[in-house]
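Turn this into a model:
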Amino acid sequence: SWGVTDVDDVCAGAEYLVQEGKADPKRLCIDGGSAGGYTTLSALAFRNTFQAGTSLYGIGDLTLLAGDTHKFESRYLDGLVGEYPQEEALYKQRSPIESVDTFDCPILLLQGDEDKVVPPNQAETMHEVLKKKG
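Residues are numbered from 1 along each chain as shown. Below you'll find the model as predicted:
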């Protein structure tokens, strides 16, 4: 359940630290790269745990990635999310870019131009939709 279990885990860990008095809930931040960037964007889109986040070459649009990643990982998402295009609705449901209206905190998007696994269009499209949202 990629995009569900991982997000639940990072949020539960952060919330536990708050309960233990080891973290300030008003200062919780999250960051991650590649799959961790996807977890970062998903946590910011689908939960209210973190106050800011940094996505390093993260995935914001699973549907776009399913048709755009390099040949070695072209069917990798089938095992993580579901078979594409048969499960396209699930891909959209788990894509942070589809819930851009729920983002309400600062986000830093970092991306390399020559990334072969997570194409730059992931960060570029996320940037465009967030910018339009304001």
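
Burial check on Gly79, number of neighbours?
9 (other C-beta atoms under 10 Å). In this view, the C-beta of every residue, glycine as well, is placed from N, C-alpha and C.

right, I mislabeled it, should have said Val81
23.

now the one 4 residues further on
The criterion is other C-beta under 10 Å. On that basis, Pro85 has 11 neighbouring residues.

start the count at 121, not 1, going forward
Okay, using 121 as the starting number, the last item reads as Pro205.

Just list the residues touching it, thanks.
Ala186 (C-beta atoms under 8 Å, 6 or more residues apart in numbering).

In terms of helices and strands, where is it?
Using DSSP states H and E, Pro205 sits in no helix or strand.

if I look at it, how far off is Lys212?
Applying C-beta to C-beta, to the nearest Å, the value for Pro205 to Lys212 is 11 Å.

Ok, Tyr177 next?
The value you get for Tyr177 to Lys212, if C-beta to C-beta is used, is 21 Å.

These two: which has the busier surroundings?
Tyr177 (22 against 14).
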